[in-house]
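# just need the structure, nothing else, for what follows:
(one chain, ligands or ions: 1)
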Amino acid sequence: MNPKHLLPMPLRDVLRPTYQKALRAWQESRLSPKPQSWREGRAKAWSSPSAEALLEQAGTDFGITQVPFEILGLLDKLRALQPKTVVEVGTHKGGNSFLFCHALASTERVVGVDLCVQNAARLIHYARPGQRYFALHGDSQTQAMKARVAQRLAGRSVDFLFIDGDHSYAGVKADFELYAPLVRRGGIIALHDIVADHRTRYGRDTGCYAGEVYRYWAELKSRYRTDELVRDPEQDGFGIGVVYVD
Ligand SMILES: C[S@@+](CC[C@H](N)C(=O)[O-])C[C@H]1O[C@@H](n2cnc3c(N)ncnc32)[C@H](O)[C@@H]1O
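Numbers count the residues shown, from 1 in each chain. Alright, predicted model coming up:
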């Protein structure tokens, strides 16, 4: 008999969130056993490969939804900034978090926020000596999550903020308004999916979804010094918008 069936259903429902939280904490701890493939992946990431090689590894070890020209261009800009503290909202499978940890030699603390930060244990395992990766699972658009982020920052201001979470107009605006004040003067904020998808532009549903980030981006462009990393203006979604916090 499956031991979990020994508990009555209502009690199981009450205990499930606590059990899942404890399991996640165990998997993300240093003490839990890690697969050989993780150890090999970590050694590869620590061996200072090129940004192109790391981008490939981000895809194979984690998963990433970026146009190479755009994310590599962003990494170039960030290398000049030498960020120590990074916050990413909307980590999905973790490929970007992996790049921010390993393609930027300066990063010491990276905080990833998602409803569920996938591959969190692997990201934590890959962190370099002296570097910390914090995975915060939950809704980014709450004061409670902002407080959790601030707690992990432990008094540091943010050098680089990447926003790629809820792509509705209200969602991207809420993420910007909540987390932008944490970014220091001279820092950078980047938004993903500033190019409207083909469904929005031509009424043709290709399965690509960039939401309404383009609408909020138009507003930011009128308020801040900005830059755009867009491989092709005709492309279906994607595109990275860069805001300079002057
Ligand atoms: C487009 S994906 C991010 C892709 C990722 N940055 C990449 O390049 O591979 C958007 C992510 O935002 C997350 N998300 C959506 N709404 C959210 C919310 N309110 N709070 C936290 N995360 C959210 C989703 O769970 C999803 O993983």
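# element containing residue 124?
Assigned by DSSP states H and E, residue 124 falls within helix 120-126.
# so which elements touch that helix?
Applying 3 or more Cβ pairs under 8 Å, 6 or more residues apart in numbering; DSSP states H and E, one finds that helix 120-126 contacts helix 9-28, helix 36-45, helix 95-102, strand 132-137. Where you see a C-beta, it was placed from the backbone N, CA and C, and this is true even at glycine.
# pick the most buried one from the ones you listed.
Ranked by mean neighbour count, those are led by helix 95-102 with a mean of 26 (mean count of other Cβ atoms under 10 Å).
# how far away is residue 157 from residue 77?
18 Å (Cβ to Cβ, to the nearest Å).
# re earlier: if I average pLDDT within each of the helices and strands packed on helix 120-126, which one is lowest?
Lowest mean pLDDT within the helices and strands packed on helix 120-126: helix 9-28, a mean of 86.
# so how far is the first residue of stretch 175-190 from its last?
This stretch, stretch 175-190, spans 12 Å end to end (Cα to Cα, to the nearest Å).
# quick one, helices of the protein?
9-28, 36-45, 51-57, 68-81, 95-102, 120-126, 143-153, 169-179, 198-202, 213-223 (DSSP state H).
# and residue 97, how far from residue 130?
Where residue 130 is concerned, residue 97 sits at a distance of 17 Å (Cβ to Cβ).
# meant to ask about residue 59
Taking Cβ to Cβ, one finds residue 59 at 26 Å from residue 130.
# pLDDT-wise, which helix or strand of this protein ranks last?
Least confident helix or strand of the chain, by mean pLDDT, DSSP states H and E, is helix 9-28 with a mean of 86.
# what packs against that helix?
By 3+ Cβ pairs under 8 Å, 6+ apart, helix 9-28 packs against helix 120-126.
# which residues are in contact with residue 228?
Residues near residue 228 by Cβ atoms under 8 Å, 6 or more residues apart in numbering: 194, 239, 240, 241, 242.
# who's it bridged to?
Beta-bridge partners for residue 228, by DSSP bridges, are residue 241.
# what comes into contact with stretch 231-246?
With Cβ under 8 Å, 6+ apart, stretch 231-246 has contacts from 66-67, 69-71, 73-74, 77, 180, 183-198, 206, 208-210, 213, 217, 220-221, 224-230.
# which residues of the protein lie near the ligand?
Applying Cβ under 6 Å from any ligand atom, one finds that the chain approaches the ligand through 64-66, 90-93, 95-96, 113-115, 139-141, 164-166.
# switch the cut-off to 8 Å
Within the chain, the positions adjacent to the ligand are 63-66, 71, 88-96, 113-116, 118, 138-141, 145, 162, 164-167, 171, 175, 192-193 by Cβ under 8 Å from any ligand atom.
# before we move on, back to that, which outside residues touch the least confident helix or strand of the chain?
The contact list for helix 9-28 (Cβ under 8 Å, 6+ apart) reads 4, 7, 32, 120, 121, 124, 135, 137.
# hmm, which of those residues is lowest in pLDDT?
Lowest confidence among the contacts of helix 9-28: residue 4, with 67.
# name the residue closest to the centre of this structure, please.
residue 91 (3.1 Å; Cα atoms, centre = their mean).
# which residues touch that one?
Contact partners of residue 91, counting by Cβ under 8 Å, 6+ apart, are 97, 112, 113, 114, 117, 118, 135.
# show me those residues that map onto strands.
Taking DSSP state E as the definition of strands, those contribute 112, 113, 114, 135.
# distance of the first one relative to residue 185?
In other words, residue 112. Counting by Cβ to Cβ - residue 112 and residue 185 are separated by 24 Å.
# that older thread, now the residue nearest to the centre of the chain: phi and psi?
phi -90, psi -20 (degrees, to the nearest 10).
# average pLDDT for stretch 208-220, rounded please.
Taken as a whole, stretch 208-220 carries a mean pLDDT of 98.
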